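Participant: Mind folding the following:
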Amino acid sequence: MAKPVSFCTCTDTKCPYNPVNHDQGCTPCIAKNLRESEIPTCFFNKIDHPKPTGGWHYEDFAALVQAAKREAPDDAPKKLEVIINEADSIDKCFVNGDKDGITAIMKKAEGNAELSNFSRLWIINECRSALEELEE
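Facilitator: Predicted coordinates for the structure are as follows:
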């Protein structure tokens, strides 16, 4: 089995279309979503706003985009600063070979409810990538 797609933000690892369950990358997920007139989870996760609907269809994605635009947070620059600081911390740990530091950053991101799903998963994936590279 190939390495999972590093940028995938889908947390449903039980889904047979998730890239962690096969070696075909995003193709099975995209094909399923096209068949069902849906948008892949990663697009929803990219938007830093709670999902206003329960579905994954085009209309659900449009509703999410509209809700995010209407309720754009004033603290967006602060949230971006948090992500940049975490990326800098991961880089410093990586350069120093500090696996424990990277693991601590990953655990902190996993428990940070203030981060969007996308931001949380981005930080976690960056940590995993750094740990994998340090193992090589």
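
Participant: got the domain boundaries for the protein?
Facilitator: Per automatic domain parsing, the structural domains of the chain span 19-70, 76-135.

Participant: Quick one: mean pLDDT for the longest one?
Facilitator: Mean pLDDT, computed over domain 76-135, is 88.

Participant: Pull up the gap between the closest residue to Ile102 other than its chain neighbours and Val5, please.
Facilitator: Distances taken as Cβ to Cβ, 6 or more residues apart in numbering place Cys93 nearest to Ile102, at 4.6 Å, with adjacent residues excluded. Every C-beta, even on glycine, is put in place using the N, C-alpha and C of the backbone. The gap separating Cys93 from Val5 is 24 Å, by Cβ to Cβ, to the nearest Å.

Participant: residue with max distance from the center of this structure?
Facilitator: Relative to the centre of the chain, the most outlying C-alpha is that of Asn96, 25.4 Å out, by Cα atoms, centre = their mean.

Participant: From Arg128, how far off is that one?
Facilitator: Note on Asn96: its distance to Arg128, by Cβ to Cβ, is 18 Å.

Participant: What of Met106?
Facilitator: Taking Cβ to Cβ, one finds Met106 at 7 Å from Arg128.

Participant: Neighbour count for these two, which is higher?
Facilitator: Per other Cβ atoms under 10 Å, whichever of Met106 and Arg128 has more neighbours is Met106, with 20 against 15.

Participant: Dump the C-alpha coordinates for the helix or strand hosting that one into CSV.
Facilitator: Assigned by DSSP states H and E, Met106 belongs to helix 99-110. Taking Å, rounded to 0.1, in the frame of the first residue of the first chain, the C-alpha atoms of helix 99-110 are listed here in CSV:
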residue,chain,number,x,y,z
LYS,A,99,10.9,14.0,17.7
ASP,A,100,9.4,14.5,21.1
GLY,A,101,8.8,18.2,20.4
ILE,A,102,7.1,17.4,17.1
THR,A,103,4.9,14.8,18.9
ALA,A,104,4.0,17.4,21.5
ILE,A,105,3.0,19.9,18.9
MET,A,106,0.8,17.2,17.2
LYS,A,107,-0.9,16.3,20.5
LYS,A,108,-1.5,19.9,21.2
ALA,A,109,-3.1,20.4,17.8
GLU,A,110,-5.3,17.3,18.2
